[in-house]
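> Build me a model from this:
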Amino acid sequence: MNIPNGFSRPKVLLGLATIAICGSTMTASAGDTSATHGYSVSGTFLYPPSFTQFNAASSDRPGSCEINLVTRQTFDSLNPWIIRGRRAPGVFEYLYDSLLQPSVDEFQTSYGLIAESIQAGEDGRSVTFVLHPKAQFHDGHPITATDVVFTADTMRASARPFWRSMLKDTVVEAVSERVVHVTFHGEKDPSNILSFGSLPVLPAHYWSSRNFGEMFTEVPVGSGPYRIASVNMGQSIRFERVENYWAANLPTRKGMHHFKSITYTYISDDATSYLSFLRGDLDQIGIDDMRQWDSYRSHDAITDGSVHVTDVPAWWPMGMNGFFFNMRDTRFQDRRVRAALASLVPFDWVNQTQLFSAFERTSSYFGNAEHEAASAPTADEKAWMETFPAHFPDEAFSERWQPADASRSTKESLANALRLLADAGWKYDENSGRLANQRDGTPLNITILTSTTTQDKIFGAWQNLLNRIGVEVTLQRVDASSFQERYQTAEFEMVYRFYIPPLHPGREQVTLWGSPRLQAENVRTILGIDSSAVDDALERLLGATTLPERTHATRLLDRALQWGLFAVPTYQNRKVRTAYWSNRIRPPANMPRVGGGAGFWTCAVPDTAP
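Predicted coordinates for the structure are as follows:
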């Protein structure tokens, strides 16, 4: 899964069953010059050219039932591909089709959707897509090569930094009405074809007379399995299944999208959304607050078995959840200050006493993936680390990085934090109980920007220990729109964010972590990191031409970010807990390995043939 906005959380329908992968495995080189039914970075396909549907797809007829879901963030825009505005739920997932459909059972593999066939250049720097002759937008206009070229030009000019960066050195040509040739002139990246193939293909006849870069409230013309039926901006949005959908019988769509409609309703907090679900207003809900959910364990809907709860292991890479430093703030440019502040999080205590021991401490920017620096460095990694002695402390050469925890030795943790701060020029005054800069007497007061309550439990415990060493730290909670604006312009001292990396990290990592010298024109990194070790790892990633090189470079990047202490890690859950009304909807019999099952759930009672 490629998540273009960098900091994001997957919002998907989730299911229970375990996948049983069937069928043969066929080999196809990522540099194969023959036309194929898909593209795989690894060079293998699970599904052969003759496959008729994904294993998770159902043979049931498209249902007449409707599904009601919750969104916990309000919205003011129907354009999720730009920075401006708060995107409406479901638009990214359901409104537009793309050239390729990511496999739900394999990583870094996609199959044709709008593209009927794919022919990759031998060097991996070019690809030709032949479009399906039946591909069309909801208004009946055919999807042509002109629309693909228009999409690339429009995204390059106005989309989020990820897309702009990816398209910066990409040339897209319409060879004929149904043939598109793409050339990647930047660094060789075997995942470029997948990234380009995931672009939504925009209707040029519709968007050419409108400003794609502006917040958008008009219902746009789409091409996907659902169209927007109604919108109450900021409160609810309803999607209606497209009858006679052009791709309904393609292998990458057959047996999917069983709900007649999908409605998202905005509810701001967990408690209210849980009660709404238990009243029957919602059909499915993700459980984020285990303590709050447990308070309803005696509810009739739970005790009588109407509501089922299921855990699904996280399939996606787990990034960094935590309080990020704005590295442009001179107070945080001393690593000792960051280390002292980060050392006082009593995660284990909070997890055991307030979170039902349901979480794990975040410890990697690329967790739950092959790119994670999950063990002590190898000999090659040590040799690289030795070229940046100021970045890596002695212990980095003999052990894996793990975030400090103040749960078991609070007194020792407080004393060590004060020593680090004193070495960095901050003095604790026992009379006032405040910590101040030795040069000018400025107190160490910190404001953390947030728009959620997710971090409140861990923050309260951390705040208590920081107050004991004279550091005053407060949360500034603002609405989602204000948060997005201030975050994008870096108007914060610290910020609470969760970052989920893509399956195949690439140029978007530069936008997130690179110094100003690595940034594309008019792109400004938000966190202000300026580290030679991080930059070198990024340049190695951009220059990698093979999967082993990419994996090695990303592990170096993870190690540089870990030991750089650019964030105070909080926690994450490597499984997703979902509740649903079992008499209304049901999960797929074969749960996909990746993707969470979006599009594969069905009505509890299948429709019968007329």
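
> Going by C-alpha atoms from here, please, whenever you check contacts or count neighbours.
OK.

> my guess is Ser364 meets Gly319, correct?
Yes: here Ser364 reaches Gly319: they are 6.2 Å apart, a contact under Cα atoms under 8 Å.

> Domain boundaries for this structure, per the record?
Domain assignment for the chain by automatic domain parsing gives 26-282+575-603, 321-572.

> Let me know which of those domains is tucked in deepest.
domain 26-282+575-603 (a mean of 20; mean count of other Cα atoms under 10 Å).

> quick check: mean pLDDT across that domain?
Taken as a whole, domain 26-282+575-603 carries a mean pLDDT of 91.

> what separates that domain from the chain centre, distance-wise?
15 Å (Cα atoms, centre = their mean, to the nearest Å).

> three-state assignment of the residue lying closest to Phe347 once chain neighbours are set aside?
Spatial nearest neighbour of Phe347, chain neighbours left out: Asp405 (6.1 Å); criterion: Cα to Cα, 6 or more residues apart in numbering. Following DSSP: H, G, I helix; E, B strand; the rest coil, Asp405 is assigned to coil.

> if I look at Asp405, how far off is Ile114?
50 Å (Cα to Cα, to the nearest Å).

> Tell me where the stretch 201-350 of the chain has helices.
204-207, 270-279, 290-294, 300-303, 335-342, 347-354 (DSSP state H, counting those that start in this stretch).

> And the contacts of stretch 430-448?
323, 425-429, 468-476, 492-496 (Cα atoms under 8 Å, 6 or more residues apart in numbering).

> residues touching the residue nearest to Phe184 when sequence neighbours are not counted, list them.
Excluding the flanking residues, the one nearest Phe184 by Cα to Cα, 6+ apart is Thr170, at 4.6 Å. By Cα under 8 Å, 6+ apart, the contact list for Thr170 reads Val182, Thr183, Phe184, His185, Gly186.

> try 7 Å
Val182, Thr183, Phe184, His185 (Cα atoms under 7 Å, 6 or more residues apart in numbering).

> Glu177 too?
For Glu177, counting by Cα under 7 Å, 6+ apart, the contacting residues are Thr144, Ala145.

> likewise the one 4 residues further on?
If you count contacts by Cα under 7 Å, 6+ apart, His181 has them with Val127, Thr128, Phe129, Val172, Glu173, Ala174, Val175.

> quick check, it in a helix?
No: residue state for His181 (three-state DSSP) corresponds to strand; a helix is not indicated.

> Okay, and the beta partners of it?
Thr128, Glu173 (DSSP bridges).

> Can you give me the distance of it to Lys188?
17 Å.

> what separates Gln352 from Asn467, distance-wise?
For Gln352 relative to Asn467 (Cα to Cα), the value is 22 Å.

> Could you export the contacts of His181 as JSON lines, including distance to Ala390?
Conversion of these to JSON lines gives the following (distance: Cα to Cα, whole Å):
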{"residue": "Val127", "distance to Ala390": "43"}
{"residue": "Thr128", "distance to Ala390": "46"}
{"residue": "Phe129", "distance to Ala390": "48"}
{"residue": "Val172", "distance to Ala390": "43"}
{"residue": "Glu173", "distance to Ala390": "47"}
{"residue": "Ala174", "distance to Ala390": "50"}
{"residue": "Val175", "distance to Ala390": "52"}
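
> Check the spacing between Phe184 and Arg434 real quick.
On the measure of Cα to Cα, Phe184 and Arg434 end up 56 Å apart.

> ugh, wrong one, Val471
Counting by Cα to Cα, the gap from Val471 to Arg434 is 7 Å.

> how far away is Asn79 from Ala115?
23 Å.

> Sorry, wrong one. I was asking about Glu381.
41 Å.

> And for Trp513?
From Trp513 to Ala115 the distance is 34 Å (Cα to Cα).

> likewise Leu557?
34 Å.

> and the longest helix for this structure?
helix 547-564 (DSSP state H).

> The helix or strand containing Lys411: what's the following helix or strand?
Per DSSP states H and E: Lys411 is located in helix 410-423. Per DSSP H and E, the first helix or strand lying C-terminal to helix 410-423 is strand 426-429.

> can you list the residues that contact that next one?
Arg434, Leu435, Ala436, Asn437, Gln438, Gly470.

> for stretch 87-107, same thing?
In contact with stretch 87-107 (Cα under 7 Å, 6+ apart) are residues 75-80, 109-115, 197-201, 222-227, 252, 592-595.

> and the residue nearest to Asn55 when sequence neighbours are not counted, what are its phi and psi?
Nearest residue to Asn55, sequence neighbours excluded (Cα to Cα, 6+ apart): Asn590, at 6.5 Å. Main-chain torsions, Asn590, degrees, to the nearest 10: phi -110, psi 100.

> Distance-wise, check Asn590 relative to Pro505.
28 Å.

> and if you look at Asp300?
46 Å.

> swap in Ala424?
Taken as Cα to Cα, the span from Ala424 to Pro505 is 35 Å.

> ditto for Gln136
Counting by Cα to Cα - Gln136 and Pro505 are separated by 32 Å.

> Among the contacts of His181, pick out the one closest to Gly63, please.
Nearest to Gly63 out of the contacts of His181 is Phe129 (Cα to Cα; 33.1 Å).

> That closest one against Val179, yeah?
Yes: with contacts counted by Cα atoms under 7 Å, Phe129 reaches Val179, the gap being 5.8 Å.

> so where's the stretch 401-550 of the chain uncertain?
520-523 (pLDDT under 70).

> Repeat the analysis, applying 90 as the threshold.
In the predicted model of the stretch 401-550 of the chain, residues 408, 451-455, 479-485, 488, 498-508, 511, 516-526, 542, 544-547 satisfy pLDDT under 90.
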